[in-house]
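> what's the 3D shape of this:
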Amino acid sequence: MLREPHLRFPEIEIAYADKWVHMVMYLILGALTMCDLSRDNVRPKLAAAIAIVLPSLYGGGIELLQEYFFPPRTGEWLDWAADIAGVVIGAGVALICCRCRRRREAG
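Sure, this is the predicted structure:
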């Protein structure tokens, strides 16, 4: 039989794993928001501001909801900081990619 109940996989501990997960999820959200806004021909600076502010507020709102409305869950400032870091990185990378694409298309 392939399934043997006594076999266990080793647990791998990654420091601040939940913060890394927050950052990666919001990196993707920031990048996709930036790409979507750039396709709608929104000015790059305005698109970057929207792509950073809205997902950041969303992440903060989720942390507040967890803290005050969903016990025993708790909101954490570091989770929100990881969200913001991910959004900024994702939107920044997407902005650079969009600029490179536009230069290739123009040239």
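
> tell me the mean pLDDT for the helix of greatest length in the chain?
Looking across the chain with DSSP state H, the single longest helix is helix 77-106. Averaged across helix 77-106, the pLDDT comes to 93.

> buried residues in it, which are they?
The neighbour-count check on helix 77-106 (16 or more other CB atoms under 10 Å) flags 79-92, 94-95, 98 as buried. C-beta coordinates here come from the backbone N, C-alpha and C atoms, glycine included.

> now for the residue most central in space within the chain: which residues touch it?
The centroid of the chain falls nearest to Tyr26 when counting by CA atoms, centre = their mean (0.7 Å). Residues near Tyr26 by CB atoms under 8 Å, 6 or more residues apart in numbering: 55, 59, 82-87, 90.

> go through the residues you listed and name the one nearest Glu13.
Ala82 (17.8 Å; CB to CB).

> so that closest one touches Met25, yeah?
No. Judged on CB atoms under 8 Å, Ala82 makes no contact with Met25 at a distance of 9.1 Å.

> pull up the overlap in contacts between these two.
In contact with both Ala82 and Met25: no residue, using CB under 8 Å, 6+ apart.

> just give the nearest non-adjacent residue to Val88, would you?
Ile52 (5.9 Å; CB to CB, 6 or more residues apart in numbering).

> average pLDDT for the host helix or strand of that neighbour, rounded please.
Element membership of Ile52, judged by DSSP states H and E, is helix 44-69. What helix 44-69 shows for mean pLDDT is 96.

> quick one: buried residues of that helix?
Applying 16+ other CB under 10 Å to helix 44-69 flags 47-48, 50-52, 55-56, 59-60, 62-63, 66 as buried.
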